Each structure stands twice: as structure tokens, then as C-alpha cells.
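1. The following comprises the amino acid sequence and a computationally predicted model.
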Amino acid sequence: GENVEQHPSTLSVQEGDSAVIKCTYSDSASNYFPWYKQELGKRPQLIIDIRSNVGEKKDQRIAVTLNKTAKHFSLHITETQPEDSAVYFCAAKTPNTGNQFYFGTGTSLTVIP
Amino acid sequence: ETGVTQSPTHLIKTRGQQVTLRCSSQSGHNTVSWYQQALGQGPQFIFQYYREEENGRGNFPPRFSGLQFPNYSSELNVNALELDDSALYLCASSRLTDTQYFGPGTRLTVL
């Protein structure tokens, strides 16, 4: 099955700086890559996603890039704010196994005011 | 917030007992996926239901079973509870190949 690795596990940045989280996947058939933000005690919330026919997608301060050849995708957050502090999960969906999602192990982002 | 709801919010059981968790999917969604999230880990796929049929299963033993009803709500049943089953159980609803939206989760503690 698919294997998703996520780095770093923890990340601290100063307010206003950029944050980058990277994920790699193993199954070249994976075709959909969402990113979720999970605040303590709350549900994972979708913040951005990208499909395999697109190389980059941006939504205000958040962007995701996908390199299908290298099988990696990254989340970029610019002008970070304290409310960006949370755990971020990447995921990959493969159509080979019932459209199940495989999640990374998460990155705990802390934005220091 | 999504329209996905789960009940109960918290649950405490003892080893060997059985538990049923419930999920109501968002309007217009016909697929429910269940995940187990241990503390400090990413969600692990348990199984998915599409139009009342199981549509994929992760690496979980048969004592984890499920149902989906005609209104697309779903249940997760766990028999013979073990201590390691303590986790946050999340359901996510979607149309089959679309984005998944998570419910708030059920925190299960097994003593």
C-alpha cells in the first residue's frame, strides 16, 4: 500500500516568517493530496488540496506544490500568524485500494509572536 | 464547520467490552470512512463504506466492523476491546472520489 512520510515532526517559526512542511509518497498511482490542520482537541480541517494534474495551487497565504516525478509535495505558509499554530497532516489518496487516504505522521507548527 | 457529526463525544470502556460509535454524514455525501488516531499520530484508515457496502479496509482485525445505513450514516463497532484501542475515532464523509470532511471524533478510553 501507500506510504506517506512527513517532515519535520516539529517546526517553530517567528511570526511573519514562512513555514514549509514536506511529504513524500510511495505509490505513483496516488492522485489527490490534501492537507489538514488539526488544533488541539478538534477535528482535522482541510486547508488546501492538489490533484495530480496540477503542479501548484495557492490560496492566500497557503500554497501547495507537487512534484510527481520525485513523488513529493509540500505545504508553504507565508506571513505566519500565531493562529497558524497547530498540527498539520498531509495525506495521499490512491484509487487502487478503495480510494482510501493515507496520512503522514503530522507536523506540530508553533508560531512565536 | 462541516455537517459531519459523531456520537458520543467521549466513551470509557473496560477491556473485553464492545463499543458502537456513530457518524452522520454531510448532506449529499454517500461515502463514510473511519479512522483511528492515536495520540501524536496521523489518522489510520480502518475502512470505508460506499452505498452501504464496504469499499476498502485498512490493516485492522475483524473485531473492527461497520455498517452504513440507507441515509448514509454509519456505525463503527469494536468487539473485545483492548487497551491499545484507546484513541480518537474519526469519521469522514465525502462523495466517493472527493475530498473527505471529518467529524469531531469520539474519544475512546479503554481501561
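-> Thanks, I have the structure now. Numbers count the residues shown, from 1 in each chain, chains lettered A, B, ... in the order given.

2. hey, C-alpha coordinates of stretch B:49-56 in CSV?
-> Extracted in CSV, the C-alpha atoms of stretch B:49-56 (Å, rounded to 0.1, in the frame of the first residue of the first chain):
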residue,chain,number,x,y,z
TYR,B,49,-18.4,2.4,3.3
TYR,B,50,-20.0,3.4,0.0
ARG,B,51,-23.7,3.0,-0.6
GLU,B,52,-24.0,0.6,2.3
GLU,B,53,-21.1,-1.7,1.1
GLU,B,54,-17.6,-1.9,2.5
ASN,B,55,-15.3,-0.3,-0.1
GLY,B,56,-11.8,-0.9,1.3
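
3. And for that stretch, what's in contact with it?
-> Applying Cβ atoms under 8 Å, 6 or more residues apart in numbering or on different chains, the contact partners of stretch B:49-56 are A:97-100, B:30-33, B:45, B:47-48, B:66-70, B:74, B:96. Just so you know, the C-beta spots here come from the backbone N, C-alpha and C atoms, and that holds for glycine as well.

4. hmm, which of the residues you listed are the buried ones?
-> When those are checked for burial by 16 or more other Cβ atoms under 10 Å in any protein chain shown, the buried set is A:97-100, B:31-33, B:45, B:47-48, B:66, B:68, B:74.

5. among the residues you listed, which are in strands?
-> With strands taken from DSSP state E, the overlap with the buried ones among the contacts of stretch B:49-56 comprises B:Thr31, B:Val32, B:Ser33, B:Phe45, B:Phe47, B:Gln48, B:Gly66, B:Gln68, B:Ser74.

6. These into a markdown table, with extra columns for pLDDT?
-> As requested, those are exported to a markdown table (pLDDT from 0 to 100):
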| residue | pLDDT |
| --- | --- |
| B:Thr31 | 92 |
| B:Val32 | 94 |
| B:Ser33 | 94 |
| B:Phe45 | 92 |
| B:Phe47 | 93 |
| B:Gln48 | 93 |
| B:Gly66 | 96 |
| B:Gln68 | 96 |
| B:Ser74 | 97 |
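
7. among those, which two are most distant?
-> Using Cβ to Cβ, the two most remote members of these are B:Phe45 and B:Gln68, lying 15.7 Å apart.

8. Which strands and helices lie in contact with the lowest-mean-pLDDT helix or strand in chain A?
-> When each helix and strand of chain A is scored by mean pLDDT, DSSP states H and E, strand A:101-103 comes last, with a mean of 91. Applying 3 or more Cβ pairs under 8 Å, 6 or more residues apart in numbering or on different chains; DSSP states H and E, we find strand A:101-103 packed against strand A:86-93, strand B:44-50.
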